[in-house]
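Trainee: kindly return the folded structure for what I paste below:
(one chain, ligands or ions: 1)
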Amino acid sequence: MNNDRNLQKSGCTCSFCECEPSLQTFIHEMVDRFFAKRKLHRAWKSRFLCGDTIPQNWLREHHRLSRLLQFKIDTAVEAIYSKTALMPPPPIKKEAPWDVILVNEALQLLGTEGIPQKYAGGMLLLYLELCEGIFLD
Ligand SMILES: [Zn+2]
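Mentor: Residues are numbered from 1 along each chain as shown. Below is the predicted model of the structure:
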């Protein structure tokens, strides 16, 4: 396990590995702050037998950080909808489709928490993956 705070893949040219160390630190802190008070979705717990807390090393994983910078809001939302279209809706019927409500609430939450617009798409995916159990792949 690599405990380096600015974990990079050697030779990788993704947006995360290419950005300045100070920006990488900013992104780590943003992710840590946002997820510190949030609970891991039960879909993860049954698989990995972990508790409620999101392990910090998960937030440091290259594929998550790399994806975080990769998605703009519109492409993130599109990716989610193409995934949720294949999922069964929950039994409780609401006025709007459940995935539209979920995405809107998540985006509002990110705004309330002061997540910069630039990272909202990636953070949306990360949040839905870890806290709502919606996996893109
Ligand atoms: Zn990379």
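
Trainee: which residues are in contact with residue 122?
Mentor: Applying C-beta atoms under 8 Å, 6 or more residues apart in numbering, we find residue 122 in contact with 67-71, 76. For glycine as for every other residue, the C-beta is placed from the backbone atoms N, C-alpha and C.

Trainee: wait, which of those residues is closest to residue 23?
Mentor: When these are compared for distance to residue 23, the smallest value, 9.4 Å, is given by residue 69; criterion: C-beta to C-beta.

Trainee: which residue packs closest to the closest one, ignoring adjacent ones?
Mentor: With C-beta to C-beta, 6 or more residues apart in numbering as the measure, residue 15 is the residue that lies nearest to residue 69, at 3.8 Å, once sequence neighbours are left out.

Trainee: tally of neighbours for the one you found?
Mentor: If you count neighbours by other C-beta atoms under 10 Å, residue 15 ends up with 15.

Trainee: test my guess that it contacts residue 67.
Mentor: No: here residue 15 lies out of contact with residue 67, judged by C-beta atoms under 8 Å, at a distance of 9.6 Å.

Trainee: and the spatially most central residue of the chain, what helix or strand is that in?
Mentor: The centre of the chain sits closest to residue 126, judged by C-alpha atoms, centre = their mean, with a distance of 0.7 Å. In the assignment (DSSP states H and E), residue 126 maps to helix 117-131.

Trainee: shaky segments in this protein?
Mentor: The model of the chain has pLDDT under 70 over residues 1-8, 45-50.

Trainee: try it again with 90
Mentor: Flagging of the chain using pLDDT under 90 yields the residue ranges 1-11, 41-53, 55-57, 86-97, 133, 135-137.

Trainee: and residue 16, how far from residue 82?
Mentor: Relative to residue 82, residue 16 is positioned 24 Å away (C-beta to C-beta, to the nearest Å).

Trainee: who's more crowded, the two?
Mentor: When residue 16 and residue 82 are compared for neighbours, residue 16 comes out ahead with 23 against 10, by other C-beta under 10 Å.
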